[in-house]
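Trainee: with the input below, show me the fold.
(2 chains)
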Amino acid sequence: GAVVSQHPSRVICKSGTSVKIECRSLDFQATTMFWYRQFPKQSLMLMATSNEGSKATYEQGVEKDKFLINHASLTLSTLTVTSAHPEDSSFYICSANVPGQGADTQYFGPGTRLTVL
Amino acid sequence: AQKVTQAQTEISVVEKEDVTLDCVYETRDTTYYLFWYKQPPSGELVFLIRRNSFDEQNEISGRYSWNFQKSTSSFNFTITASQVVDSAVYFCALTLTGTASKLTFGTGTRLQVTL
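Mentor: Okay, the predicted model is just below:
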């Protein structure tokens, strides 16, 4: 159980275009999903917390107009990188919360590698 | 604020050696949860273990074992008889009580197991 998928796994796009990344919880419902960004050989940086049916909560320094998050259902959250530029190239990972006693456990998707030319 | 420190950036061992990955955490809360995740070269983070602050019992799962010591704020991870497939980046993380709690990650330890 607790499987999270992401699509696409890899995307290459031209500067100025928008890219949508999907995150799905396959065998459970997730009221909360998280979006992370990871640069090479670095730790994960939390970008935003995505809550089903409400607006996402963004971390300080993350542009909400550039990184649009939509959590339309209990199994799907999407991250859209708008007007992508080369500096947006990164590894984007989502996670979904599995409720647990005391605190939830986050299960992670396989990640999406974005390259902006 | 919470903080997780993984002082070992990279470790290289020969197959069948035992290896311990260190994790030291800081928090003012008395109730918290600690995690270890494995990130192989493919990129996906794999959940390994979750431990709450009231349970200091060590845990063993196959070749993996975890040593939680509140007195030193440490949650170390040992791999016994390491294998090449253990090569990955390992992250220690902490969260506080509650739903949708954010994870505070350490910087990760890259483990390279060679033949």
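
Trainee: spell out which parts of chain A neighbour chain B.
Mentor: A:2, A:31-32, A:34, A:41-44, A:46, A:49, A:51, A:91, A:93, A:95, A:97, A:99-100, A:102-111, A:113 (Cβ under 8 Å from any Cβ of the partner chain). C-beta here means a position set from N, CA and C on the backbone, and glycine is covered the same way.

Trainee: among those residues, name the buried ones.
Mentor: Neighbour counting by 16 or more other Cβ atoms under 10 Å in any protein chain shown classes A:2, A:31-32, A:34, A:43-44, A:46, A:49, A:51, A:91, A:93, A:95, A:97, A:102-109, A:111 among those as buried.

Trainee: among the residues you listed, which are in strands?
Mentor: Among these, the residues falling in strands (DSSP state E) are A:32, A:34, A:44, A:46, A:49, A:51, A:91, A:93, A:95, A:97, A:105-108.

Trainee: residues in contact with the closest residue to A:Ala84 other than its chain neighbours?
Mentor: Spatially, and ignoring its direct neighbours in sequence, A:Ala84 is nearest to A:Val116 (4.5 Å; Cβ to Cβ, 6 or more residues apart in numbering or on different chains). Applying Cβ atoms under 8 Å, 6 or more residues apart in numbering or on different chains to A:Val116 gives the contacts A:12-15, A:84-89.

Trainee: mind listing what A:Ala96 touches?
Mentor: A:2, A:4, A:23, A:25, A:28, A:30, A:32-34, A:77, A:106-107, A:109.

Trainee: quickly list what it is bridged to.
Mentor: A:Met33, A:Tyr107 (DSSP bridges).

Trainee: spell out which residues of chain B are next to chain A.
Mentor: Going by Cβ under 8 Å from any Cβ, the residues of chain B near chain A are B:31, B:33, B:35, B:37, B:42-47, B:50, B:52, B:91, B:95-103, B:105-108, B:110.

Trainee: swap in 6 Å and give it another go.
Mentor: B:33, B:43-45, B:47, B:50, B:52, B:95, B:97, B:99-101, B:103, B:105, B:107-108 (Cβ under 6 Å from any Cβ of the partner chain).

Trainee: distance check, A:Leu114 against B:Gln69.
Mentor: 40 Å (Cβ to Cβ, to the nearest Å).

Trainee: swap in A:Glu52?
Mentor: In terms of Cβ to Cβ, A:Glu52 sits 38 Å off from B:Gln69.

Trainee: tell me how far the residue most central in space within chain A lies from chain B.
Mentor: A centroid search over chain A (Cα atoms, centre = their mean) returns A:Trp35, at 3.3 Å, as the residue closest to the centre. Taking Cβ to the nearest Cβ, to the nearest Å as the measure, A:Trp35 falls 12 Å from chain B.

Trainee: report the contact partners of the nearest residue in space to that residue that is not next to it in sequence.
Mentor: Leaving out its chain neighbours, the residue that sits closest to A:Trp35 by Cβ to Cβ, 6+ apart is A:Met47, at 4.6 Å. By Cβ atoms under 6 Å, 6 or more residues apart in numbering or on different chains, A:Met47 lies in contact with A:35, A:37, A:59, A:62.

Trainee: burial check on the second one, number of neighbours?
Mentor: When neighbours are defined as other Cβ atoms under 10 Å in any protein chain shown, A:Arg37 has 20 of them.

Trainee: quick one: the helix or strand where it lies to chain centroid distance?
Mentor: If you go by DSSP states H and E, A:Arg37 is part of strand A:32-38. Counting by Cα atoms, centre = their mean, to the nearest Å, strand A:32-38 is centred 4 Å from the centre of its parent chain.
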